[in-house]
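**Q** sequence first, predicted coordinates after that:
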Amino acid sequence: MAKTFTREELKKYDGQNGNPAYVAINNRVYDVTHIPAWQDGTHHGNKAGLDLTDVLFNYSPHKDRVLAKLPLVGQLV
């Protein structure tokens with residue numbers, strides 16, 4: 001994991017206006033750009049560009065099983 005992201009930098013990766021869509025989970029940043037469920041940077045009301053650790057573990061039915069399928073692009077610092 002070469003790239004590091006601050007929370008402010010991560011916000012730029014919101015999946016809007018041609019930007020990639022990244023989400024942070026447990027301080028790891030994943031690329032959801034090419035995941036159909038994340039089209040336009042949103043998925044069930046959640047937005048790309050944010051730390052979604054709480055949402056994933058407390059509200060998502062699939063928990064962290066989905067992470068293995070996502071490209072890891074960096075670390076949230």
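**A** On my side now, so go ahead.

**Q** now the most centrally placed residue in the chain, nearest residue through space, not along the chain?
**A** By C-alpha atoms, centre = their mean, the mean C-alpha position of the chain lies nearest to Val23, the distance being 1.3 Å. Among residues not flanking Val23 along the chain, Leu52 sits closest, at 5.0 Å (C-beta to C-beta, 6 or more residues apart in numbering). Bear in mind the C-beta positions are built from the backbone N, C-alpha and C, glycine included.

**Q** for the one you found, give me its contacts.
**A** Listed by C-beta atoms under 8 Å, 6 or more residues apart in numbering, the contact set of Leu52 reads Val23, Ala24, Ile25, Asn46.

**Q** and which of these is nearest to Arg7?
**A** Nearest to Arg7 among those: Ala24, at 8.0 Å, using C-beta to C-beta.

**Q** quick check: which element contains the closest one?
**A** Per DSSP states H and E: Ala24 is located in strand 22-25.

**Q** hang on, the earlier thing: need the pLDDT of the residue nearest to Val23.
**A** Looking at Leu52, its pLDDT reads 97.

**Q** pLDDT of the strand holding Ala24, averaged?
**A** Here the average pLDDT along strand 22-25 is 98.

**Q** helices or strands up against the next helix or strand along the chain from it?
**A** Sequence order places strand 28-31 as the next helix or strand after strand 22-25, per DSSP H and E. With contacts taken as 3 or more C-beta pairs under 8 Å, 6 or more residues apart in numbering; DSSP states H and E, strand 28-31 sits against strand 22-25, strand 72-76.

**Q** please identify the most buried of those strands.
**A** Most buried of these, by mean neighbour count (mean count of other C-beta atoms under 10 Å): strand 22-25, with a mean of 25.
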